[in-house]
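S.K.: Dropping the sequence and predicted coords here.
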Amino acid sequence: MTARRIALLALLAGSTVIGGCVAAAVPVVAAGAIGKKQFFGKKDEDLPSSQPAPLVAAAPQAAPVGIPAAEAIPSGAPGTSPPPPPPGSVPPGMQYLYGSGEASAVSIQAYLALADFLVARGGDFAVGHPVSSVVLAPDATLEAPKFLKCGPKQRPAVVLDIDETALMNLGYEADDSQRSGPYDQKRWDRWEASGVTAVDAVPGAVETLRAARASGIEVVFNSNRNSTNATATIDALTLAGLGPVVHLQNLWLKGDDSTGGSGKDARRWEISQKYCVIAMVGDQLGDFSDLFNAPNLSPAQRRALTNSPKLRILWGHGWFVLPNPVYGTALKGNIDDVFPKDRRWTDSGAQPLAPALPSPPAPAPAVPPVAGPVLK
């Protein structure tokens with residue numbers, strides 16, 4: 001390992017490199033060798049949504065975040081809304097993502113792997129070795145992936161999603177944890193514009209992006225935040241230590257491409273005209289290709305595609321994913337979608353469930369006294 005790579009990686013560990021060396025990342029295999037619309041229609045899949053009430057024992061399955069209220073699985077009598085969460089409680093997904101050491105460790109792990117990959121690729125670029133794009137071409141499919149070509153004068157870049165990939169929306173989610181109900185786009189717009197100081201960088205992001213820039217790699221953000229709030233988004237990224245950021249130079253937002261939609265492929269292709277995208281980072285599969293969000297894909301098919309022989313090599317070798325159990329396209333599927341029927345188990349020692357007792361009749365309403373003459 002060169003002294004330059006050791007010095008750059010030392011940025012990630014407070015000028016300490018374990019054992020004097022960090023293993024070089026495996027380069028991305030060429031496409032030939034390795035072989036959105038949003039699901040729910042109401043919101044962009046990579047933006048937070050209002051949470052259902054926390055699950056309790058024997059409660060019905062919570063509807064995936066973002067599904068219109070009319071399609072949600074009821075938690076009580078037909079036509080009723082779920083009760084608001086108890087004051088001060090936090091849904092399990094939020095407890096994990098925003099409060100647990102485990103989630104912090106997973107994020108740091110992903111960013112350290114990204115840093116090693118970027119430093120290695122930056123070294124290749126510096127000495128004139130070819131580097132490859134990891135952006136799928138417009139005519140690619142997930143079954144037959146092929147990638148854009150990089151021009152000889154293009155600078156390498158890493159492209160990141162923002163929300164829950166680079167920034168933790170702590171202020172919004174704290175407020176959201178005390179609410180229930182459907183997603184409110186106007187409320188999210190207000191958050192984008194005013195929540196600049198109530199965010200933190202995702203653990204590991206600041207140090208890794210610093211190492212990327214020191215390696216000559218441009219840091220580019222591609223988000224479904226609205227372009228009308230570009231100034232506030234730049235301020236949030238800058239205050240969190242993730243800048244410098246310039247709109248349409250290294251920041252693309254919803255409304256910045258000709259489609260104006262929430263799909264990210266069109267923006268990825270525009271970014272790729274300027275840069276050679278050697279790595280992408282996100283918390284949802286749509287951060288890597290809109291093809292993962294095709295409405296005809298079942299959860300099981302979507303999961304299988306991530307492990308297909310032609311795509312699996314990309315995870316950690318150009319595509320880097322962060323955890324997000326709180327909202328987005330991952331939160332979909334009933335028991336048959338999630339658990340294969342040939343992998344079910346029945347507990348032979350379980351006691352049969354007691355039949356439900358009929359509910360006692362409701363007490364008759366009190367009859368108010370009838371006004372009459374006063375007897376003397």
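M.R.: Arrived safely. Numbers count the residues shown, from 1 in each chain.
S.K.: neighbours of the closest residue in space to Gly316 that isn't next to it in sequence, just the number please.
M.R.: Distances taken as C-beta to C-beta, 6 or more residues apart in numbering place Ala113 nearest to Gly316, at 5.5 Å, with adjacent residues excluded. Where C-beta positions appear, they are placed from N, C-alpha and C, glycine not excepted. Per other C-beta atoms under 10 Å, the neighbour tally for Ala113 reads 17.
S.K.: Ala113 belongs to a helix?
M.R.: Yes. Counting by DSSP: H, G, I helix; E, B strand; the rest coil, Ala113 is located in a helix.
S.K.: Glu164 versus that one, what's the distance?
M.R.: 18 Å (C-beta to C-beta, to the nearest Å).
S.K.: ok, now Arg179?
M.R.: If you go by C-beta to C-beta, the gap between Arg179 and Glu164 works out to 18 Å.
S.K.: So for the two, which residue has more residues nearby?
M.R.: Glu164 (25 against 13).
S.K.: How about the contacts made by the more buried one?
M.R.: Shown in contact with Glu164 (C-beta atoms under 8 Å, 6 or more residues apart in numbering): 46, 48, 97, 202, 283, 322, 324, 326.
S.K.: Sort out which one of the residues you listed lies nearest Ala174 for me.
M.R.: Pro48 (11.3 Å; C-beta to C-beta).
S.K.: count of residues packed around that closest one?
M.R.: Pro48 has 23 nearby residues by other C-beta under 10 Å.
S.K.: gap between Ser194 and Ala236?
M.R.: 10 Å.
S.K.: just Ile313 next, same as before
M.R.: 34 Å.
S.K.: for Lys341, same thing?
M.R.: Going from Lys341 to Ala236 by C-beta to C-beta gives 45 Å.
S.K.: Compare neighbour counts for these two and give me the winner.
M.R.: Taking Lys341 and Ala236 together and counting by other C-beta under 10 Å, Ala236 has the greater number of neighbours (25 against 7).
S.K.: Look at the more buried one and tell me its secondary structure.
M.R.: Ala236 - assigned by three-state DSSP - is helix.
S.K.: Tell me the confidence at it?
M.R.: On the pLDDT scale, Ala236 is placed at 98.
S.K.: got a list of what the residue found closest to it once you drop the neighbours it is linked to in the chain touches?
M.R.: Once flanking residues are discounted, Ala236 sits nearest to Val196: 4.6 Å by C-beta to C-beta, 6+ apart. Neighbour list for Val196: 232, 235-236, 239 [criterion: C-beta under 8 Å, 6+ apart].
S.K.: repeat that with 6 Å
M.R.: If you count contacts by C-beta atoms under 6 Å, 6 or more residues apart in numbering, Val196 has them with 232, 235-236.
S.K.: what does Pro145 give?
M.R.: Applying C-beta under 6 Å, 6+ apart to Pro145 gives the contacts 136, 310.
S.K.: Now do it against Asn307, distance only.
M.R.: 14 Å.
S.K.: Kindly report the same for Tyr111.
M.R.: Looking at Tyr111 against Asn307, where the rule is C-beta to C-beta, the gap reads 23 Å.
S.K.: cool, and Ile162?
M.R.: Applying C-beta to C-beta to Ile162 and Asn307 gives a distance of 27 Å.
S.K.: more crowded one of these two?
M.R.: The neighbour comparison of Ile162 against Asn307 (other C-beta under 10 Å) goes to Ile162, with 27 against 9.
S.K.: Any idea how many residues pack against the nearest residue to Val134 once chain neighbours are set aside?
M.R.: Nearest non-adjacent residue to Val134, counting by C-beta to C-beta, 6+ apart: Gly318, 3.7 Å away. For Gly318, the number of neighbouring residues by other C-beta under 10 Å comes to 26.
S.K.: now swap in Pro138 and tell me
M.R.: Close neighbours of Pro138, defined as other C-beta under 10 Å, add up to 11.
S.K.: give me every residue that touches it.
M.R.: Pro138 neighbours (C-beta under 6 Å, 6+ apart): none.
S.K.: ok, now how distant is it from Phe292?
M.R.: Counting by C-beta to C-beta, the gap from Pro138 to Phe292 is 15 Å.
S.K.: how far is stretch 93-104 from where the chain is centred?
M.R.: In terms of C-alpha atoms, centre = their mean, to the nearest Å, the centre of stretch 93-104 is set 14 Å apart from its chain centre.
S.K.: And that stretch, end to end?
M.R.: Here the two ends of stretch 93-104 are set 13 Å apart, with distance taken as C-alpha to C-alpha, to the nearest Å.
S.K.: now do stretch 178-193
M.R.: Note: stretch 178-193 ends 21 Å apart using C-alpha to C-alpha.
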